[in-house]
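1. When you get a sec, could you give me coordinates for this:
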Amino acid sequence: MDEPTGALAGLRVLDATQMLAGPLAATRLGDLGADVVKIEPPLVGEFNRTHGFEDVRIHGEMSTFTAVNRNKRSLAIDLKNPESRGVVDDLVRGADVFLQNFRHGTGERLGVGYERLASINPGLVYCSISGYGSTGPYRDRPGQDLVVQGYSGSMFSVGSAGDDPEPGALWAADVMTGYQAVIGILAALRARETTGRGQHVEVDMFSVVLDAQLQELVTFLNTGRAPTRTKERSAHASIPAPYGVYRTSDGWLTLAMSPLPALGEVLDDDWLRSLTDYNDGHTQKDAVYAAIRDRFTGRTTAEWLARCDAVNLWAGPVYDYADVAADPHANQTGTFVDQPSAVEGLTVRTVRPPLHLSDTPPAIRRGAPRLGADTREVLAELGYSDQRIDDLLVSRAVGEALAASSLPG
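-> Numbering: from 1, shown residues only. Modelled structure (predicted):
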């Protein structure tokens, strides 16, 4: 389970992040073979150990923590404790990457800011993930996914005129930011091979969600034309009809960018067959949506998909999670796999890494760790004696007891 494998085998990543974007970035580096040491507060660990979806736990751990913290070891130390600073310094000397998503200025206050750690290890790649970056008037604002979506401008691209703003259900801002962090880290590691020096990689959610809208923003910034919702509801205001979601007799159907004459064949509609200009989907958008909105309720989703496939019309079903879990493509391609649990002999069902590398494939070697489970192992690797480790663990235990005695209730 622990042998070095993967494209990043031999690299050590120090993960001082919490919640989603940062932990996901570190998990992906771990999937690719890096040794990821997760640095957590001793008493309760990072945020997702105690805050999760509907307080659901798997083998004693919060499901949200289990999901995005595989392939890591947990080192429980208090960064506010001066004794812990020495431990972090020792880790940094042998590390390749330090990853954090503290609020602006917090890393410096804790003694783990970029300048200080780079002075200890000039080859260190230091990645900061934030909501809005380290400059500008928003740098101290909270960077949560929904809040950043609100800033992005995207909520007025879905639905119909007069609808409330529509957020996305995916944690897209968080996840895309995590992936961008990985891209930046890998680029900095590649540059280090030439220069011998690390560097500071900064990724912020606000920039990421704007970058994800290059098509819309380039159009607006250069022409003043913004996505404009029309009377009839659509899945994106800038895409021509019939782009959207439609009720069938047993579920729902999606239609993507589709030639209207082909849709006319599917629905046996001469008016749609006559709309041969691509821009008809824009100029006739409300009329098309009004004409087809309720036309799909007479057949099942599978029947409509067969008719759409026959004329190469891009369409698909709308799944719930039970449908996703039963999907034949997902199952035949090995999308769902088991990762080890922190409880010996048990496993957790999860989703495999979404990457394929022919020579150094990603792998799930470890499940999400118990809080502090690897503290002794990591400190021993630094050369600490058993006595020194015992002293640190006793000091930590005393701190935990004091903290616990001060908790309400």
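
2. Residue 220 falls within a strand, correct?
-> No - counting by DSSP: H, G, I helix; E, B strand; the rest coil, one finds residue 220 to be helix, located in no strand.

3. What distance do you get for residue 157 to residue 231?
-> Residue 157 is 16 Å from residue 231, where distance means C-beta to C-beta, to the nearest Å. Yep, even glycine has a C-beta here, placed from its N, CA and C like the rest.

4. quick one, which of those two is more surrounded?
-> Between residue 157 and residue 231, counted using other C-beta atoms under 10 Å, the more crowded position is residue 157 (21 against 12).

5. Run through the residues that contact that one.
-> Residue 157 sits next to 216, 227, 229, 236, 237, 238 when contact means C-beta atoms under 8 Å, 6 or more residues apart in numbering.

6. and the nearest residue to it once chain neighbours are set aside, which of the three is it?
-> Spatially, and ignoring its direct neighbours in sequence, residue 157 is nearest to residue 227 (4.3 Å; C-beta to C-beta, 6 or more residues apart in numbering). Three-state call for residue 227 (three-state DSSP): coil.

7. what's near enough to touch residue 227?
-> Contacts of residue 227 (C-beta under 8 Å, 6+ apart): 156, 157, 216, 236, 237, 238.

8. Mind pulling up the pLDDT for it?
-> Model confidence at residue 227, expressed as pLDDT, equals 90.

9. For the residue of the chain most remote from its centre, which non-adjacent residue is closest in space?
-> Centroid-distance maximum for the chain: residue 270 at 45.0 Å, with C-alpha atoms, centre = their mean. Residue nearest to residue 270 in three dimensions, not counting chain neighbours: residue 264, with 6.8 Å by C-beta to C-beta, 6+ apart.

10. Among the contacts of residue 227, name the ones in helices.
-> Using DSSP state H, the members of the contacts of residue 227 that fall in helices are residue 216.

11. now residue 347: how far from residue 30?
-> 17 Å.

12. what about these two, which has more around it?
-> residue 30 (29 against 14).

13. which stretches of the stretch 51-200 of the chain form helices?
-> 63-67, 82-93, 106-109, 114-120, 145-152, 172-195 (DSSP state H, counting those that start in this stretch).

14. The residue nearest the centre of the chain: what's it in contact with?
-> Centroid-nearest residue in the chain, with C-alpha atoms, centre = their mean: residue 175, separated by 2.1 Å. The contact partners of residue 175, by C-beta under 8 Å, 6+ apart, come to 20, 21, 24.

15. ok, so of those residues, who is nearest residue 384?
-> residue 24 (30.4 Å; C-beta to C-beta).

16. doesn't that closest one fall inside a helix?
-> Yes - under three-state DSSP, residue 24 falls within a helix.

17. That one and residue 145, how far apart?
-> 12 Å.

18. Between these two, which contacts overlap?
-> By C-beta under 8 Å, 6+ apart, the residues touching both residue 24 and residue 145 are residue 174.

19. Which one (most neighbours) among the contacts of residue 175?
-> residue 21 (29 neighbours).

20. Just checking, which helix or strand of this protein averages the lowest pLDDT?
-> Lowest by mean pLDDT, DSSP states H and E among the helices and strands of the chain is helix 386-405, with a mean of 68.

21. any idea how far the closest residue to residue 50 other than its chain neighbours is from residue 77?
-> Excluding its sequence neighbours, the residue lying closest to residue 50 (C-beta to C-beta, 6+ apart) is residue 44, at 5.5 Å. Distance from residue 44 to residue 77, counting by C-beta to C-beta: 13 Å.
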